[in-house]
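[1] sequence first, predicted model second:
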Amino acid sequence: MNISNPDRLAADSGWLFADLLAPALADRDFEVTIGGPSPVGDSRALHAAVPAQGTKYRARFTNDVGRLSSLIDNVKPDVVVANQIENAPAIRAAIVESGSSALLAGYCHYLPFYGDHKGIHLDPSLSDGGLGNAVLLTFFSGLSICDRIMVHSTVAAEWVTALAPRFGLDLSDRLRIVPPPRDPRLVRTHIERPEKPIGIYNHRLYEHYGTGRFVALARQVTAATPAAIRVMDLFGARRAGRASLDSSPDRYRAALAGLPRTEVVSDHGERNLYRSNLAGSLFGFAPFRPSCPWSMSVIDCQGMGLPVIAPRMGWMERHISTDLLFDSPAAAVDIVRRLIADAGFWAAQSDTARESTSLLTPDRVADLYTEALS
């Protein structure tokens, strides 16, 4: 498991996934070993130290088959799950060198492409210096060698199966849908409508998340409605290697902080403080990210009973209530106005949001995960 944010684990979706899932697997008497730079919180899950890669490209193109082979020799797994699909060929080579009969599964935490009504497109966040096609080839090379493949959602499954034939692959018998679990710490059963109309944006501030479009929307929302905007700074200070590849979070953090009635806050990696910021908000914003096959941050809001307004794109178009989807900034502003002015509408959307996460408990996801590996 690669961890892209070892200094802020609470902001790393891959680590959060493992941290939430490991206890449910241990409860089912699975012996779990996390191979990565950081252990998970449940001490029943063993930890084998594997260094973190410093950048998104090193995570995809750097492999040490010898180290992996030694790890497999020591752990003697029945199943190996590659959480960075591009590493799957190296892991398969290590399995072969070790003489292991372990099943190799891959979990697609991040797709380097996305689909829309115009076709399939490379994810621009992985295309620096023309690397997009190389990343895509490496990704499908990884899929080709996996015995089982897990993706977040039906949207992700559709994108993968649409592109697989171009690489001579038929993945239909290996592909399983296993969504990430919701965080039980971010679920409310009794919800009181906040007095202050605050909309929260709890997503990464990268360019490819559509943050520039959100800056423009936040400006319009604060100009046309009484809403205030709360932006979660999930990263804090970023490592030099990552900042040199993409400095957009720093630019957008400054731009958002300069807007009227807009605050940029940090939870300092503390889940209780993150929960408090969500609980004090009236609604949430989804990102303008067309390549989004799932959003754990959207699920965080919904589990807390926050209606989430979203652009009509990607996974959001399937998951979010149709009354909260918009096709233009003006339509988004109208939805914000209605959530503020119509308490009944807000209450109904709050209930719908919370219910939409009801099947995402760690226990149920653990069942889907183990079924996918069978």
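    That came through, no problem. Numbers count the residues shown, from 1 in each chain.

[2] mind listing what's buried in stretch 63-76?
    63, 68-69, 71-72, 75 (16 or more other CB atoms under 10 Å). Where you see a C-beta, it was placed from the backbone N, CA and C, and this is true even at glycine.

[3] also stretch 351-362?
    352-354, 356-357, 360-362.

[4] please, where are all the helices along the stretch 51-200 of the chain?
    Counting by DSSP state H, counting those that start in this stretch, the stretch 51-200 of the chain has helices at residues 56-61, 65-75, 88-98, 132-145, 154-163.

[5] switch those helices over to CSV; also include distance to residue 120 and mean pLDDT.
    Formatted as CSV, these follow (distance: least, CB to CB, whole Å; pLDDT from 0 to 100):
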stretch, distance to residue 120, mean pLDDT
helix 56-61, 19, 92
helix 65-75, 31, 95
helix 88-98, 21, 97
helix 132-145, 10, 97
helix 154-163, 5, 96
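
[6] nearest to residue 333, of those helices?
    Proximity to residue 333 (CB to CB) singles out helix 154-163 among these, at 26.6 Å.

[7] which outside residues touch that closest one?
    The contact list for helix 154-163 (CB atoms under 8 Å, 6 or more residues apart in numbering) reads 108, 111, 113-115, 120, 140, 143, 149, 151, 171-172, 175, 177, 293-294, 314-315, 318.

[8] would you list the phi and psi of residue 340?
    phi -80, psi -40 (degrees, to the nearest 10).

[9] now it, nearest residue through space, not along the chain?
    Nearest residue to residue 340, sequence neighbours excluded (CB to CB, 6 or more residues apart in numbering): residue 197, at 4.6 Å.

[10] same question for residue 30.
    residue 370 (7.4 Å).

[11] please apply the same query to residue 220.
    Per CB to CB, 6+ apart, closest to residue 220 is residue 329, 5.3 Å.

[12] one more: residue 305?
    residue 191 (3.9 Å).

[13] you'd agree that neighbour is up against residue 307?
    No - using CB atoms under 8 Å, residue 191 is not in contact with residue 307, being 10.8 Å away.

[14] now for the residue nearest to residue 305, how many residues are close by?
    When neighbours are defined as other CB atoms under 10 Å, residue 191 has 15 of them.
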